[in-house]
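Visitor: turn this into a model:
(chains A, B, C and D)
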Protein chains: 2
Amino acid sequence: MDDDLTPLTRLEGKAGRRLADQVYERLLDDIVSGALPPGTPMAELDLCERLGVSRTPVREALIKLADVDLVRIYPQSGSVVAPVSREAFGEAQFIREHLECALVAEAVRYMDATSLRELNELIEKQKAAATPAEFYAHDEAFHQTIARTSRHPHVWQVIRQTKIHFDRVRHLTLIEDAGHIPLLIAQHQEILDGLAACNEAQAVAAMRRHLREVFRRADGIFARQEEMAQAEPRTRARRRR
Amino acid sequence: MDDDLTPLTRLEGKAGRRLADQVYERLLDDIVSGALPPGTPMAELDLCERLGVSRTPVREALIKLADVDLVRIYPQSGSVVAPVSREAFGEAQFIREHLECALVAEAVRYMDATSLRELNELIEKQKAAATPAEFYAHDEAFHQTIARTSRHPHVWQVIRQTKIHFDRVRHLTLIEDAGHIPLLIAQHQEILDGLAACNEAQAVAAMRRHLREVFRRADGIFARQEEMAQAEPRTRARRRR
DNA sequence: ATCTCAAAACTTGGATACAAGTTATCTATT
DNA sequence: AATAGATAACTTGTATCCAAGTTTTGAGAT
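Guide: Sure, this is the predicted structure:
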């Protein structure tokens, strides 16, 4: 049993954009979602024939993935999906908590009817979400909307990028225990209440509580994962230097 | 007068690393330092013959530069050095202030004799610096050392990346008015004093004062630059879409 | 002289060929 | 059988080639 699963199918519905970007997003999703688990070999030629494109776009995608430490490239040797590191996980939380709490504080100053309605709608959509994946999309949109309201759109880009390592663990919490989703929605509501009341301290406190709740759950999952990983020898795939 | 200056010389002293990385760092430095001003055409083939390498490494470098918004790539049309944007400048300040103040607060908990000595030495080197460029190097090292001390090395990577847009403006302040360097060194000393005394509030306050001082000066330069830019028509170089 | 339109001279995106280094494999030797 | 070494089968890095789109340019008509 030497062959890995092949969750990759050829990308055909090209949205007109660059192939490299499509490959990047595809691989990004598959790594974050866990479809391509840590250690999975990522040979360029292999990905080429699976995705039906040449090396150039695949290579660009891999380099970008290596830039955000989702893939490890060992020159002339091989590339693999990077391990889920507890350090990266913790640093992502650190960055997110500090930046996003600061964003909420700023957002209070710029709240208007449009943002209020938008955020309310997103919470409604979260309540109506049928699947964890659907909830997750509206969750992300909620936080991004707050960032946009605070007039610091680029800060969200930074959060989004570091959040990747957080999400690698988090997606497990959403599928393992979807029961806590209502709690998260309630916390979103608290944040929005603070914003609507133009109460900076309340909004920031609610956001911090929320982010730490998400972190606490993910961290629990992570610890369990680490134990399991320790049990398995985990040989397979090429190695360093 | 159609030709631009050509501050690029062939890279020869290859440090064994990938050509793409060498090209990236070279172009990054030249853009941040202002040697390649905003609007400068960055045609791949042109850069190829100037640097003495093929399109592949040049292309990879340009893509990475575009990822951090230092270069704008217009497919099938052309690439140029991105303009210095006040938005990016302000967002960089936002991110840096919030993250670095948080880092200092954390650093207080992990201060030890080694870090203390290291930071003291860097301040001495700053005092002894003969040129603004030399001071800048030790300045950066000082801040990075604090980040390392706080056990969040990756956070510094994030700051470093966003700081790029800040430094595009800042290098002008260092060459225009090197006289304020002693003030910056004094502020570094204040931060260090706070860390040495394990006084979190003092260290954070000193850091915030310091960062805002740097921002204030750079912002002044920026405003003046904007006026000058308004005076010049600034035609030249290919355009969008 | 000005405008229209076609064609040539760019540009970057993608595919392929080649180079250089690493790892696995297989053979010969002990 | 076990080991050492050569060799073949990978891998990524770099160079070049082709494709596709954009911009310029210039010729011809008005």
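Visitor: and the pLDDT at the nearest residue to A:His210 once chain neighbours are set aside?
Guide: The shortest distance from A:His210 to any residue other than its chain neighbours is 4.0 Å, reached at A:Gln187 (Cβ to Cβ, 6 or more residues apart in numbering or on different chains). C-beta here means a position set from N, CA and C on the backbone, and glycine is covered the same way. pLDDT for A:Gln187: 97.
Visitor: now do the same contact list for A:Gln187.
Guide: Residues in contact with A:Gln187 (Cβ atoms under 8 Å, 6 or more residues apart in numbering or on different chains) are A:206, A:209-210, A:213.
Visitor: can you list the domains in chain A?
Guide: Domain assignment for chain A by automatic domain parsing gives A:19-83, A:86-227.
Visitor: B:Ser79 is nearest to which of these?
Guide: Distance to B:Ser79, taken as Cβ to Cβ, is lowest for domain A:19-83 among the domains of chain A, at 15.1 Å.
Visitor: following element in sequence after whatever helix or strand A:Asp30 lives in, please.
Guide: For A:Asp30, the enclosing helix or strand under DSSP states H and E is helix A:19-32. As assigned by DSSP H and E, the chain's next helix or strand after helix A:19-32 is helix A:44-51.
Visitor: and the helix or strand following that following helix, which residues are buried?
Guide: As assigned by DSSP H and E, the chain's next helix or strand after helix A:44-51 is helix A:55-67. By 16 or more other Cβ atoms under 10 Å in any protein chain shown, the buried positions in helix A:55-67 come out as A:57-65.
Visitor: same check on stretch A:189-205?
Guide: Applying 16+ other Cβ under 10 Å to stretch A:189-205 flags A:189-192, A:194-196, A:200, A:202-205 as buried.
Visitor: also stretch A:84-102?
Guide: A:84, A:88-102.
Visitor: again, but for stretch A:216-231
Guide: A:217-219, A:221-222.
Visitor: can you put the buried residues of stretch A:189-205 in TSV and add distance to A:Val71 and secondary structure?
Guide: Listed next are the buried residues of stretch A:189-205 as TSV, based on distance: Cβ to Cβ, whole Å; DSSP: H, G, I helix; E, B strand; the rest coil:
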residue	distance to A:Val71	secondary structure
A:Gln189	38	helix
A:Glu190	38	helix
A:Ile191	34	helix
A:Leu192	37	helix
A:Gly194	39	helix
A:Leu195	38	helix
A:Ala196	42	helix
A:Glu200	40	helix
A:Gln202	41	helix
A:Ala203	37	helix
A:Val204	36	helix
A:Ala205	38	helix
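Visitor: what count of nearby residues applies to A:Thr173?
Guide: 20 (other Cβ atoms under 10 Å in any protein chain shown).
Visitor: follow-up on the earlier one: which of the buried residues of helix A:55-67 are close to chain B?
Guide: By Cβ under 8 Å from any Cβ of the partner chain, the members of these lying near chain B are A:60, A:63-64.
Visitor: contacting residues for A:Phe142?
Guide: Applying Cβ under 8 Å, 6+ apart, one finds that A:Phe142 lies in contact with A:119, A:122-123, A:126, A:188.
Visitor: any idea which helix or strand carries the residue nearest to A:His210?
Guide: helix A:181-196.
Visitor: pull the CA atoms of that helix into PDB?
Guide: What follows is helix A:181-196, C-alpha atoms only, in PDB (Å, rounded to 0.1, in the frame of the first residue of the first chain):
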ATOM      1  CA  ILE A 181     -21.900  26.400  17.100                       C
ATOM      2  CA  PRO A 182     -24.900  28.100  18.800                       C
ATOM      3  CA  LEU A 183     -22.500  29.300  21.500                       C
ATOM      4  CA  LEU A 184     -20.300  30.900  18.900                       C
ATOM      5  CA  ILE A 185     -23.200  32.600  17.300                       C
ATOM      6  CA  ALA A 186     -24.300  33.900  20.700                       C
ATOM      7  CA  GLN A 187     -20.800  35.300  21.100                       C
ATOM      8  CA  HIS A 188     -21.000  37.000  17.700                       C
ATOM      9  CA  GLN A 189     -24.200  38.500  18.900                       C
ATOM     10  CA  GLU A 190     -22.500  39.900  22.000                       C
ATOM     11  CA  ILE A 191     -19.800  41.500  19.800                       C
ATOM     12  CA  LEU A 192     -22.400  43.000  17.600                       C
ATOM     13  CA  ASP A 193     -24.300  44.300  20.700                       C
ATOM     14  CA  GLY A 194     -21.200  46.100  21.800                       C
ATOM     15  CA  LEU A 195     -20.700  47.600  18.400                       C
ATOM     16  CA  ALA A 196     -24.300  48.700  18.100                       C
END
